[in-house]
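In: structure, please.
(one chain, ligands or ions: 1)
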Amino acid sequence: MNESNNLCAVCGEGILHPQLGKSAVEYKGQSNELDLHFSLCDVCGSELSDAAQLRTNKRAMVAFKKQVDGLLTGTEVRALREKLGINQAEAAQVFGGGPVAFSKYESNDVTQSEAMDKLLRLAAELPVAFALLAKWAGFEQTTVAGEDWQVVDCASESITKLRTRRHRLRVVSCSTPMER
Ligand SMILES: [Zn+2]
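Out: A predicted model of the protein is given here:
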């Protein structure tokens, strides 16, 4: 960072130095200590946070709230999505929420609704549910957005299954479903 950009806005003389502290927070009766990013002026001692520091602090708080509320944290949403083998744009198409929804969920900029949270858990738990959602989103077709999505008949499997290969989703359907 350029030092001239780090001039203290309070005294106009000192230089701001990035610090990492701790912040005691409470949410719905649960306490936690979160990392607190701020800058300290070496002349007047003012503690200031720039936009990036504020965003980082806010994300930590959102993650804590998600945890207390029993919702998937950003890290957990990312892990779940990667397990399903789809990218963020594809996840938005399958689950809804708007084009940048998953980027925001995963970075803890936004908290997903309880309904979205349950839908994600359901899809991760039940491949058949995910297959249906993917089908509704049009992903059973051969290609979506230039990616290698394929419909593959499986002779040995009796239920609709999803498989991931090289982080790409393949919808593997069966010509003779067991349950109807
Ligand atoms: Zn200062």
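In: got a list of what Ala24 touches?
Out: Counting by Cβ atoms under 8 Å, 6 or more residues apart in numbering, Ala24 touches Ser31, Asn32, Glu33. Quick note: C-beta positions are derived from backbone N, CA and C, even for glycine.
In: looks to me like it is in a helix.
Out: No. Per DSSP: H, G, I helix; E, B strand; the rest coil, Ala24 lies outside any helix segment and is strand.
In: ok so, going back, of the contacts of Ala24, closest to Lys66?
Out: Using Cβ to Cβ, Asn32 is the member of those that lies nearest Lys66, at 12.1 Å.
In: hmm, back to that, can you put the contacts of Ala24 in TSV and add distance to Thr111 and secondary structure?
Out: Compiled in TSV, the contacts of Ala24 are given as follows (distance: Cβ to Cβ, whole Å; DSSP: H, G, I helix; E, B strand; the rest coil):
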residue	distance to Thr111	secondary structure
Ser31	20	strand
Asn32	16	strand
Glu33	21	strand
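In: buried among the residues you listed? Need that as a selection in ChimeraX.
Out: Only the buried entries of the contacts of Ala24 go into this ChimeraX selection, using 16 or more other Cβ atoms under 10 Å:
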select :32
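In: would you map the helices across this protein?
Out: For the chain, the helices defined by DSSP state H occupy 51-68, 74-84, 88-95, 101-106, 114-125, 127-136.
In: pull out the buried residues from the second one.
Out: Spelled out, that is helix 74-84. Gly74, Glu76, Val77, Arg78, Leu80, Arg81, Leu84.
In: closest to Ala137 out of the residues you listed?
Out: Once Cβ to Cβ is applied, the member of these that ends up nearest Ala137 is Leu84, at 12.3 Å.
In: tell me how the protein divides into domains.
Out: The record's domain parsing of the chain by automatic domain parsing lists 3-69, 74-172.
In: which of the ones you listed is buried the deepest?
Out: Ranked by mean neighbour count, the domains of the chain are led by domain 74-172 with a mean of 16 (mean count of other Cβ atoms under 10 Å).
In: quick revisit: rebuild the domains of the chain as CSV, extending it with mean pLDDT.
Out: Shown next, in CSV, are the domains of the chain (pLDDT from 0 to 100):
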stretch, mean pLDDT
domain 3-69, 95
domain 74-172, 78
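In: switch those over to JSON lines; also include distance to the ion.
Out: Listed next are the domains of the chain as JSON lines, based on distance: least, Cβ to the ion, whole Å:
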{"stretch": "domain 3-69", "distance to the ion": "3"}
{"stretch": "domain 74-172", "distance to the ion": "30"}
